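Novice: Output the structure for:
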Amino acid sequence: MTSRLATPMNGNIPVLVLRLISILLQLVYIKLYTHFLSVDELGRYFYLIALSYVANALIFVPLDYFQQAKLVKFYDQAIPASSLVRLNGMASILALTFLLLAGIPFWYFGKINASELPEIFLYSLLLHICSSSRNLLNNVGRKTFVAAILITETGLRSTLFWIFEKITSASANTLFKTSLLALLIETLVIAFFFRKFVNVKWFEDDVFSFSKSVREAYPISFSAVCNWLQVQSYRLIYVTFGFASTAGVYATVANVGSVGMNAVAQIAAQILNPQLYRTRGAFLKRYVFISLLLVASVLIGLALLGKFTLRILTKPEFEAHWEILLLGAATEGFSFIIGILTTYLTIASRANVLIRANLLGVFFAAGGFYAVYLYDFANWYLVGVPIVGSQAAVCTYLLFLTRKQFR
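Specialist: Numbering: from 1, shown residues only. Got it, this is the predicted structure:
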């Protein structure tokens, strides 16, 4: 039914080319939705995305860290699909329950529509399926397909939004629904690829215990929720308190910087993450050094070309706030390094230290947002200061905890 797992690809040139195409398409996508949507609608869209990501932070992201670390020993064998499906099925039920309980108050107070509750869950679930599947495929040597499917996803998002905008009207809901549809199509393509080209076994096994995953992944779950509070909660806070335009300006401009940094980070992760897993963490020192160089390079590039970048990609009203690009890129850069260190700590079975690190981050973020509230809550630039500061605190503390690895 399936062929054996592919060996790692010799050379990464095809991957780099495909990822560059993906980056260009992401920039086209940003240009498209910023052209058609108002600042308030952009704020509303990022509000829905933030809500959908709550379940990912609490359940799906830690689950994927757990399962990717455990799947290392199956890279040259058949993937235990039945156990993997059961584990993710139970996690999905838990995520659905959580989102319903968390979403009902938002619906009751008129912050979301009742029809948006299932859409928010479905977006969260499909995002997890696509992301975790890409991670697994990349780790078993299917880098080219992973790079190609990212092009497919971004192309679908842009094309579907453009079509729906012509049929109906451009709004936050249109952008969210077309993003959801793009993820659904991507899920079907990935499922077909798995069936045809990846060696899986479907007999009954118990490789992945749900109770064990909860015990081992709860520190990552706690960390992911803290990270969500630090990085994304402002979208809910500002929209809820009537500052949708402030959230819209910051989120849109910061997202451009974030996309630039994330593109570089994802290319590096696609190439280097498998080495971190295969060496059981021994590659960490070199990986972090490379990541620091990449983050610094992107920040320098945006500092030089940020205003020009916004002029091309967004409306004139955003150009004056080009400095926010640096805040968005810095946030994503710290997240990149934190992700590397989290992976290492998971492999080394030391994920419990993440709790202390992220409590420190939440403390910095809460104090920072309170100070901003007292000083000037509507200031676009000040939105990002607590976010970047809290991420820097977490990153610094994790580097301190893993310092022995760098000696």
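
Novice: mind listing what residue 145 touches?
Specialist: Counting by C-beta atoms under 8 Å, 6 or more residues apart in numbering, residue 145 makes contact with 137, 193, 197. Every residue, glycine included, has its C-beta placed from N, CA and C.

Novice: Among those, which ones are in helices?
Specialist: Under the assignment DSSP state H, the contacts of residue 145 contribute 137, 193, 197 to helices.

Novice: Tell me the spatial nearest neighbour of the first one, not counting adjacent residues.
Specialist: To tie it back to what came earlier, the one meant is residue 137. Once flanking residues are discounted, residue 137 sits nearest to residue 146: 5.3 Å by C-beta to C-beta, 6 or more residues apart in numbering.

Novice: Residue 336 contacts residue 261, correct?
Specialist: Yes. Between residue 336 and residue 261 there is a contact under C-beta atoms under 8 Å: 7.0 Å.

Novice: For the two, indicate the residue with more neighbours.
Specialist: More crowded of residue 336 and residue 261, by other C-beta atoms under 10 Å: residue 261, with 26 against 22.

Novice: quick one on the thing from earlier: please spell out the PyMOL selection for the buried subset of the contacts of residue 145.
Specialist: In PyMOL, a selection of the buried entries from the contacts of residue 145 looks like this (16 or more other C-beta atoms under 10 Å):
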select buried, resi 137+193
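
Novice: tell me which of the contacts of residue 145 is nearest to residue 55?
Specialist: Comparing the contacts of residue 145 against residue 55 with C-beta to C-beta places residue 137 closest, at 22.8 Å.

Novice: on contacts alone, who are the packing partners of the worst-scoring helix or strand of the chain on mean pLDDT?
Specialist: Sorting the helices and strands of the chain by mean pLDDT, DSSP states H and E puts strand 200-201 at the bottom, at a mean of 74. Here strand 200-201 touches strand 79-80, helix 81-108, going by 3 or more C-beta pairs under 8 Å, 6 or more residues apart in numbering; DSSP states H and E.

Novice: mind checking which of these is nearest residue 374?
Specialist: helix 81-108 (26.2 Å).

Novice: Show me which parts of that closest one are buried, residue by residue.
Specialist: Neighbour-count burial for helix 81-108 flags 81-84, 86-88, 90-92, 94-96, 98-99, 103, 106 (criterion: 16+ other C-beta under 10 Å).

Novice: all helices in the stretch 201-350 of the chain, in order from the N-terminus.
Specialist: Applying DSSP state H, counting those that start in this stretch to the stretch 201-350 of the chain gives helices spanning 210-231, 233-240, 244-278, 284-313, 316-319, 324-347.

Novice: Show the end-to-end separation of stretch 100-120, please.
Specialist: Taking C-alpha to C-alpha, to the nearest Å, stretch 100-120 runs 10 Å from one end to the other.

Novice: Now tell me what touches it from outside.
Specialist: Stretch 100-120 is contacted from outside by 48, 51-52, 54, 99, 121, 173, 176-177, 180, 239-240, using C-beta under 8 Å, 6+ apart.

Novice: Just the buried ones among these, please.
Specialist: By 16+ other C-beta under 10 Å, these give 48, 51-52, 54, 99, 121, 173, 176-177, 180, 239 as buried.

Novice: and the helix or strand where residue 178 lies with helix 81-108, angle?
Specialist: Element membership for residue 178 (DSSP states H and E) is helix 172-197. Counting by axes from the mean of the first three to the mean of the last three C-alpha atoms, to 10 degrees, helix 172-197 lies at 170 degrees to helix 81-108.

Novice: Could you list every helix and strand in contact with helix 172-197?
Specialist: Helix 172-197 packs on helix 39-55, helix 116-139, helix 143-167, going by 3+ C-beta pairs under 8 Å, 6+ apart.

Novice: tell me what the shortest one is packed against?
Specialist: Pointing back at helix 39-55 there. helix 13-36, helix 81-108, helix 116-139, helix 172-197, helix 210-231, helix 233-240, helix 244-278.

Novice: Give me the buried positions along the fourth one.
Specialist: What it means is helix 172-197. Neighbour-count burial for helix 172-197, counted by 16+ other C-beta under 10 Å, picks out 172-183, 186-187, 189-190, 193-194.

Novice: and residue 121, what is it in contact with?
Specialist: Applying C-beta under 8 Å, 6+ apart, the residues near residue 121 are 52, 55, 95-96, 99-100.

Novice: And it, how far from residue 360?
Specialist: Going from residue 121 to residue 360 by C-beta to C-beta, to the nearest Å gives 31 Å.

Novice: Closest to residue 142 out of the contacts of stretch 100-120?
Specialist: Distances from residue 142 to the contacts of stretch 100-120, taken by C-beta to C-beta, are shortest for residue 180, at 25.0 Å.

Novice: That's all I had, so thanks and see you.
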